[in-house]
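# Pasting the sequence and the predicted coordinates here, then a few questions.
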Amino acid sequence: MVDDTIIAISTPPGFGGLGVIRLSGPKALPIAQSFFHPFRPQNPFPARQPVLGKIYHPKEQGFIEEAFLTYFPRPKTYTREDVVEISCHGSPLLLEEIVRLGISAGARLARPGEFTLRAYLNGRLDILQAEAVLDLIKATSLKQAAISFQQLSGSLSQLFKSFRQKIIEVLSLLETSIEFPEEEIKITSSQVKEALQETINQITTLIQSYALGKTYTEGLRLAIVGRANVGKSTLFNSLVGHERAIVTHLPGTTRDYLEEKILIKNSVFRIVDTAGLSQSTHPVEKEGIRRSQERARHADGLLLVLDASQPLTPEDHHFLHLFNQKPALIILNKIDLSVKISAQDIQGEARGREIVAISALQAKNLAALKEKIHQTFIPHQDFGQEVILHQRQKVLLEQIKDGLTKALALLDSHHSEEFIVEEVRQTLPAINELLGEVRSEEVLQNIFNQFCIGK
């Protein structure tokens, strides 16, 4: 338990009809009562019932606002501490002044995410649920919000605990075989192998779900590439839905990359408009081309644009053969003009990649393009109900899978049970860290520093 009391504005910055200030800690109610005067005396102060009153400002020697105060006694609160919420008009000036009154009365300004940190430290949430709170606050799609809400209820925690239970059962089987070799307890290698393989399969599916989870959170980065003047910036503007990039008839208008988020079927894509390949000697344009190629190299996928109104050029062939290992969608643009290139003309060089013909200028076939983007870059495997959203979770799951896979290999090659036990046992610290039962200060700081508002 933490012994001080914290205070913060809990509603987003800006003006609004309603603003909320939250206090948490052993002195939450006394501190609030130092400046909140109820219209009717309250003794004792009622729990979980909004009480109407006024905010008294000692320096002004008068009341500055009308507000509701709601007192939530521990332990049935978000932080498992005494919590007070003050609801008043959403004026930033008033809200900040009430926070100053609370600090003057003995509270401390909460750091970002500290309310959720206290909920974690006090056992109200585990680390996975704390991550789910952050995900829910920052949700970029309804699908991500639904996943985060489910994980906030503890679904992912229960799944990871079931992994730990299976690992402990495997250890029990192996150690029983080691400790009681002469007894009538028969532990077969097939029992151990089945338990290991089942857990490895479940963990593998969950690791693979991270690719889908990433599309719900930070999004997949897709770079629009092609030679100069094929309509990349026009396509970028069409996908984004407004004139974000400057478009002219002159080649080389884009001299640096631009990036914007778009949402297609609950999945987030980070579309990057890049400078076109040209023979320019201008140092700024050359640097823009270099940066654009670097962004394309590190993108999750490519939108390769060709000008369908012109014959293929050497630069077009160059792009068709560039980054062959990267997922890509080929776009034949400018079909509103006289078409000189068809999908059949580039079928061989496309190497099985999808081809879509559009007019970015007239937004023709734009809906079909978005459908193809989703089909091409979003994983369509059925991962079940759980999808992981954090790289931290993925990395730890990979460590656990690696240890269990090594143990399985030792079992298949008929090594002694002692070696197998050691490999299996080494996965437990990773699963305990996954659940937050082994507290890493670096991990905690990284998670809770991401909060934008007190929670």
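Right, received. Where do you want to start?
# what stretches of the protein score poorly on pLDDT?
Within the chain, the stretches with pLDDT under 70 are 1-2, 177-188, 242-257, 276-293, 381-384, 438-455.
# rerun that using 50 as the cut-off
Along the chain, the model assigns pLDDT under 50 to residues 245-248, 250-255, 279, 453-455.
# can you point me to the longest strand in it?
strand 62-72 (DSSP state E).
# Next SSE downstream of that one?
Going down the chain from strand 62-72, the next helix or strand is strand 83-90, by DSSP states H and E.
# Direction included, what does that next one pair up with?
strand 16-24 (antiparallel), strand 62-72 (antiparallel) (DSSP bridges).
# Find the one among those strands with the highest mean neighbour count.
Mean neighbours per residue, mean count of other C-beta atoms under 10 Å, is largest over these for strand 16-24, with a mean of 20. Every residue, glycine included, has its C-beta placed from N, CA and C.
# quick one: Thr376 and Glu354 touch, right?
Yes. Thr376 lies in contact with Glu354 (C-beta atoms under 8 Å); the separation is 5.7 Å.
# Now do the shared contacts for the two.
Contact criterion C-beta atoms under 8 Å, 6 or more residues apart in numbering; residues shared by Thr376 and Glu354: Leu329.
# Could you verify my assumption that Ala110 touches Ile7?
Yes. Between Ala110 and Ile7 a contact is recorded at 6.3 Å, counting by C-beta under 8 Å.
# Ala119 belongs to a helix?
Yes. According to DSSP: H, G, I helix; E, B strand; the rest coil, Ala119 belongs to a helix.
# and it, how many neighbours does it have?
Ala119 is flanked by 22 other residues according to other C-beta atoms under 10 Å.
# Quick check: it vs Gly106, distance?
Separation of Ala119 from Gly106 (C-beta to C-beta, to the nearest Å): 22 Å.
# right, and the strands paired with strand 83-90 - which one's nearest Val424?
strand 16-24 (41.1 Å; C-beta to C-beta).
# which residues are contacting that closest one?
Applying C-beta under 8 Å, 6+ apart, the set of residues contacting strand 16-24 is 5-11, 31-32, 77-79, 81-92, 94-95, 98-99, 102, 107, 110, 115, 118, 454.
# can I have that strand written out in PDB, keeping just the CAs?
In PDB, the C-alpha atoms belonging to strand 16-24 read as follows (Å, rounded to 0.1, in the frame of the first residue of the first chain):
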ATOM      1  CA  GLY A  16     -16.300  21.000 -21.800                       C
ATOM      2  CA  GLY A  17     -19.600  20.900 -19.900                       C
ATOM      3  CA  LEU A  18     -18.200  18.500 -17.300                       C
ATOM      4  CA  GLY A  19     -14.800  18.000 -15.700                       C
ATOM      5  CA  VAL A  20     -13.700  15.400 -13.100                       C
ATOM      6  CA  ILE A  21     -10.900  15.600 -10.500                       C
ATOM      7  CA  ARG A  22      -9.900  12.400  -8.800                       C
ATOM      8  CA  LEU A  23      -8.100  11.800  -5.500                       C
ATOM      9  CA  SER A  24      -6.900   8.500  -4.200                       C
END
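# how distant is it from the center of its chain?
26 Å (C-alpha atoms, centre = their mean, to the nearest Å).
# what does stretch 199-213 give?
16 Å.
# so where do the strands sit in the stretch 351-455 of the chain?
Using DSSP state E, counting those that start in this stretch, the strands assigned to the stretch 351-455 of the chain run over residues 355-357.
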